[in-house]
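> What shape does this take:
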Amino acid sequence: MFQFLDALEKIWAKFLYFLPGHSQPENCQGKDILIIPGHMAGKDFYRKLKADLDNLGFHVAILSTLRNPASVEEAVLHLSRQILTAPNDTTVIAHNTGGLLCLVLPDESRRKVKRLITLGTPFHGSHSFSDTRFSYWGFESDWVKKNYKNALFFPLFQPLSAIEDFSFSPQESTEFGQGRDLWFDIPGNYNLVRRHENLRTIREFLGTPKDPQAQVIAKASPVHAVPKKIEVDFSKFDPANRKKAAAKKKKESSKPAKKPIAKKPTPKKAAKKKKK
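Predicted coordinates:
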């Protein structure tokens, strides 16, 4: 059933991909989460995910991708221009091949991203691309072998995948490895961003944006502005005084110890003893 739903979602994503609004670049000023669409998926395919995150209090933008880029570099440059309009320390959620484009972002735009979350990205490539114009994303291709570890350049990198992937074979292509992968219960790559259970998982994973806290700046107190004068008696460290103190101590120790004086019993106690 989930395989059938995933196939329907993939068809719907492709239909939205060819709508005119998809190719329009996004202005990301004031946005703290950027969604990068996956392979041949229109911007409107991610409206449900965006609405969920907006309701949590995030400010979300869905980026545009090129339909017929002449090269990977051209596709990445188109994304980079949009990311540069975002504030610093932004979060990027990249769906499937959107995560591959993030691997080769220029340094200037990559530094804008504090947290990269990938959803079902085929980090090892996929057989689905082997005989297409996207053959550089083929399974274990030279391109993916060279670039897939670039994800570790991001300060926070969190790869998420479906428990079973029907869209990009083989299954292990969406596993980044190194114990970093987190799994969704509902299978299917395109189900990742549409099924209610998966959206709930993303919401719980992101949490809620924290209110900015005013930075507390310590103010100098007039009491502590002038250092206190500390007086130290150095006379005890004078050699002559030390000799006098040692001689005095020796003299006191040489005196015979006084014998303890026995106390006389009181009259009452003496009378008691006589009676006994």
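> mind listing the helices in the protein by residue range?
Assigned by DSSP state H, the helices in the chain fall at 2-17, 47-56, 72-83, 97-102, 107-110, 142-147, 196-206, 222-225, 239-254, 267-275.
> now for the ones you listed, which one comes closest to residue 27?
Smallest distance to residue 27 across the helices of the chain (CB to CB): 7.8 Å, for helix 72-83. Quick note: C-beta positions are derived from backbone N, CA and C, even for glycine.
> Quick check: the gap between the most centrally placed residue in the chain and residue 43.
Nearest residue to the geometric centre of the chain (CA atoms, centre = their mean): residue 156, 4.5 Å. Distance, residue 156 to residue 43, using CB to CB, to the nearest Å: 25 Å.
> Then residue 162?
Computed as CB to CB, the residue 162 to residue 43 distance reads 21 Å.
> the more surrounded of these two?
More crowded of residue 162 and residue 43, by other CB atoms under 10 Å: residue 162, with 25 against 22.
> show me where pLDDT drops low in the chain?
By pLDDT under 70, the weakly predicted segments of the chain are 210-240, 242, 255-276.
> Okay, and the beta partners of the residue nearest to residue 192 when sequence neighbours are not counted?
Nearest non-adjacent residue to residue 192, counting by CB to CB, 6 or more residues apart in numbering: residue 119, 4.7 Å away. Using DSSP bridges, the bridge partners assigned to residue 119 are residue 95, residue 160.
> wait, doesn't residue 119 sit right on residue 96?
Yes - using CB atoms under 8 Å, residue 119 is in contact with residue 96, at 7.0 Å.
> so what sits against both of these two?
Residues touching both residue 119 and residue 96 by CB atoms under 8 Å, 6 or more residues apart in numbering: residue 38.
> Relative to residue 206, how far out is the nearest residue to the residue nearest to the centre of the chain once chain neighbours are set aside?
With sequence-adjacent residues excluded and distances taken as CB to CB, 6+ apart, residue 156 is closest to residue 115, at 4.0 Å. Distance from residue 115 to residue 206, counting by CB to CB: 9 Å.
> joint contacts of those two?
In contact with both residue 115 and residue 206: residue 91, using CB under 8 Å, 6+ apart.
> which parts of stretch 27-43 are buried?
With burial defined by 16 or more other CB atoms under 10 Å, the residues of stretch 27-43 counted as buried are 28, 31-43.
> Next up, the contacts around residue 21.
So residue 21 contacts 42, 43, 44 (CB under 8 Å, 6+ apart).
> Please convert the residues you listed to JSON lines, extending it with distance to residue 68.
Formatted as JSON lines, the contacts of residue 21 follow (distance: CB to CB, whole Å):
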{"residue": "42", "distance to residue 68": "15"}
{"residue": "43", "distance to residue 68": "16"}
{"residue": "44", "distance to residue 68": "19"}
